[in-house]
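Peer 1: Sharing a model prediction with you, sequence too.
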Amino acid sequence: MINWGAVIIGFVLSIILGAIFGVIIPVWGSLIGLLIAGVAVGYMVGGDAVNGMVHGALAGLFGGIVLSLLVIIFGTILLGLIGFAVATLSAIIILALFVGAMIVMAVGGAIGSVIKGEPYPTDEY
């Protein structure tokens, strides 16, 4: 079962931490921020490493989709048809780059779940 609250928090954390660490550490900072956001998501959801990976990857994918849509919308509003064409190309590139971010956040999610070490709750008493 997907914990959408954790996915949304991970998405927001990925934007905030990616931007902060990207400014502090120019080359690797954004990836470190994404990894930390993935660890946070994995820690929130617990379970096994696969559960953390799924939640971290969903947070990364959600971020890519939202960012791509925003680029297309604002490109079209600002520059019309030419802006739409350029923004669509940019959005495709952003989605391709976010596949890498999705992988980084999935690894972070797996690490966070393993750190928490909490198995799935059972119905047995």
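Peer 2: It's in.
Peer 1: A87 contacts I77, correct?
Peer 2: No: counting by C-beta atoms under 8 Å, I77 is not a contact partner of A87; they are 9.5 Å apart. The way it works is simple: take the backbone N, C-alpha and C, and place the C-beta from them, glycine included.
Peer 1: residue boundaries of the strands in this structure?
Peer 2: Remark: strands of the chain are absent; assignment by DSSP state E.
Peer 1: what about the longest helix in it?
Peer 2: Assignment by DSSP state H gives helix 49-116 as the longest helix of the chain.
Peer 1: From the contact counts, what lies against that helix?
Peer 2: The criterion is 3 or more C-beta pairs under 8 Å, 6 or more residues apart in numbering; DSSP states H and E, and the helices and strands that helix 49-116 contacts are helix 4-24, helix 29-45.
Peer 1: hey, which of these is tucked in deepest?
Peer 2: Among those, ranked by average contacts under mean count of other C-beta atoms under 10 Å, first place goes to helix 29-45 (a mean of 24).
Peer 1: Just the residues contacting that one, thanks.
Peer 2: Helix 29-45 has contacts (C-beta atoms under 8 Å, 6 or more residues apart in numbering) with 3, 6-7, 9-10, 13-14, 16-23, 25, 51-53, 55-56, 59-60, 101, 104-116.
Peer 1: Quick one: work out the angle between it and helix 49-116.
Peer 2: Angle of helix 29-45 versus helix 49-116, following axes from the mean of the first three to the mean of the last three C-alpha atoms, to 10 degrees, is 90 degrees.
Peer 1: Next, the angle from helix 29-45 to helix 4-24.
Peer 2: Helix 29-45 and helix 4-24 are oriented at 160 degrees to each other (the same axes, to 10 degrees).
Peer 1: pLDDT wise, what is the spatially most central residue of the chain at?
Peer 2: For the chain, the residue sitting closest to the mean C-alpha position, by C-alpha atoms, centre = their mean, is G60 at 2.2 Å. On pLDDT, G60 comes in at 84.
Peer 1: Thanks a lot, see you next time.
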